[in-house]
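Novice: sequence? don't have it. structure:
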DNA sequence: CAACCAGGCTACAGTTTTGTGACAACGACC
DNA sequence: GGTCGTTGTCACAAAACTGTAGCCTGGTTG
């Protein structure tokens, strides 16, 4: 599905503004108010990008960076630092804080978006990809089309986003909660079992008889999309 | 709709001049101030032609060329290089920079326009030809005529522009907002649902019974024009 | 083996999104 | 002023999609 962004910002107004604009731009957004919360959220929502304010309560922005880098699962997640003019130290300039880029406040949304796209493209080219292929399944995100072995697959919006997200991270197992966060959005509340139903629908749409089911169920853990093998 | 041109030029005066004149000529223009921005913009605005200054901050014109060529989506976008006299090296002459043509500064707008038309006609006949065909539908942008299977289709101005825009980017899904921006203009405010109505009118005008509807509705996303297949 | 889970599956009622006819406003033209 | 073609909105109907509950199966556990 859309890239997942974790915003770590304690100032309410800015946090809300960022969330609103990022969502409008097509990102899925989670917000953490302080560093501690950020580290927890990062674990749950497996963001594709983290936006961290330099100054934060409890755990500073740099510290958040360091810890994210230290963890296996988040070591490679790109990080953009938000700094106020004046906080812009040599360390930030040199980016040896572990961040991939930084933006000086005040910044325009356009500038931020440009940085985000640049970083995402640099760090994970796969995310910006318009067409994803896996085995005989092709997903065209621009044309909004999915085909398997030359036949057109019709999917509802949710099934589309679900498949998109799974294909974006092939092989990886996601819990129902993670999928809800990523595909439905972190703000809506729906039953975890709903994921089952949608996975079921997705399977029905995707699989002809005789075809291998690309979605693997991992008992008491979740689901994963497996590339042909 | 009109051909989309990406101007990559760091000198403000020239950039503005180019934008102004190109728009007057009927092109839709995006401006990037340096090579980095250019690469980002190229991805977003999917230009039909790129005008690149040879000397640029951050990423040189040649480098921009090379990278655009390297990317799947922009590999075939025609590029015209702008060079100052003296920069005109043998490499430029040979055009093995990946550019399709080059213009030596200072140049007249008339000359530039001639080159642009020439390149567009050479590289993408569809854009410069003033006639677009898709399946049994023909659109003549100069004569302002649309025909399907030898029968004349009468369209109102708005429906014409809408069809024009959609046919210009076949297969691609546009949200109602994007269509409003592109077809109505980004400055007017109209309801998003108005797009639906016009799509409906367009469909009614275009489709005989028994004929396949070339406009695809993508639920909760928008509309796309699909080439017969 | 019985009690239990976790997940597959179906049915369905509620909701959201889209298609469309009606209509009033508008400007061009006569 | 009157006619005509076009346009943006609205309201309503139709269609598509969604979330949940409930039932079922098959494996797990004690």
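Specialist: Yep, it's here. Keep in mind that this is a model prediction, so the values were computed, not measured.

Novice: from residue A:122, how far off is residue A:31?
Specialist: Distance, residue A:31 to residue A:122, using CB to CB, to the nearest Å: 24 Å. For the C-beta atoms, the positions are set from N, CA and C on the backbone; glycine is no exception.

Novice: and what of residue A:196?
Specialist: Taking CB to CB, one finds residue A:196 at 37 Å from residue A:122.

Novice: how about residue A:202?
Specialist: Counting by CB to CB - residue A:202 and residue A:122 are separated by 31 Å.

Novice: between the two, which one's more packed in?
Specialist: Between residue A:202 and residue A:122, counted using other CB atoms under 10 Å in any protein chain shown, residue A:202 has the larger neighbour count: 25 against 11.

Novice: what is the neighbour count of residue A:29?
Specialist: Applying other CB under 10 Å, we find 24 residues neighbouring residue A:29.

Novice: then residue A:208?
Specialist: Residues near residue A:208, counting by other CB under 10 Å: 8.

Novice: for it, helix, strand, or coil?
Specialist: Following DSSP: H, G, I helix; E, B strand; the rest coil, residue A:208 is assigned to coil.

Novice: for it, list the residues it contacts.
Specialist: A:148, A:149, A:151 (CB atoms under 8 Å, 6 or more residues apart in numbering or on different chains).

Novice: contacting residues for the nearest residue to the second one once chain neighbours are set aside?
Specialist: Residue nearest to residue A:149 in three dimensions, not counting chain neighbours: residue A:136, with 4.5 Å by CB to CB, 6 or more residues apart in numbering or on different chains. By CB under 8 Å, 6+ apart, residue A:136 lies in contact with A:148, A:149, A:228.

Novice: what's the answer for residue A:151, then?
Specialist: By CB under 8 Å, 6+ apart, the contact set of residue A:151 is residue A:208.

Novice: what does residue A:51 give?
Specialist: Going by CB under 8 Å, 6+ apart, the list of residues near residue A:51 reads A:5, A:6, A:7, A:8, A:9, A:18, A:79, A:80, A:82, A:116.

Novice: let's see 6 Å
Specialist: A:7, A:80 (CB atoms under 6 Å, 6 or more residues apart in numbering or on different chains).

Novice: what strand or helix carries it?
Specialist: strand A:49-53 (DSSP states H and E).

Novice: partner strands of that strand, parallel or antiparallel?
Specialist: When sheet partners are counted by DSSP bridges, strand A:49-53 sits next to strand A:4-8 (parallel), strand A:79-84 (parallel).

Novice: which of those has the lowest average pLDDT?
Specialist: Comparing mean pLDDT across those, the lowest value falls on strand A:79-84: a mean of 84.

Novice: which parts of it are buried?
Specialist: For strand A:79-84, the neighbour count (16 or more other CB atoms under 10 Å in any protein chain shown) marks A:79, A:80, A:81, A:82, A:83 as buried.

Novice: go on, stretch A:21-36?
Specialist: The neighbour-count check on stretch A:21-36 (16+ other CB under 10 Å) flags A:22, A:25, A:27, A:28, A:29, A:30, A:31, A:32, A:33, A:34, A:35 as buried.
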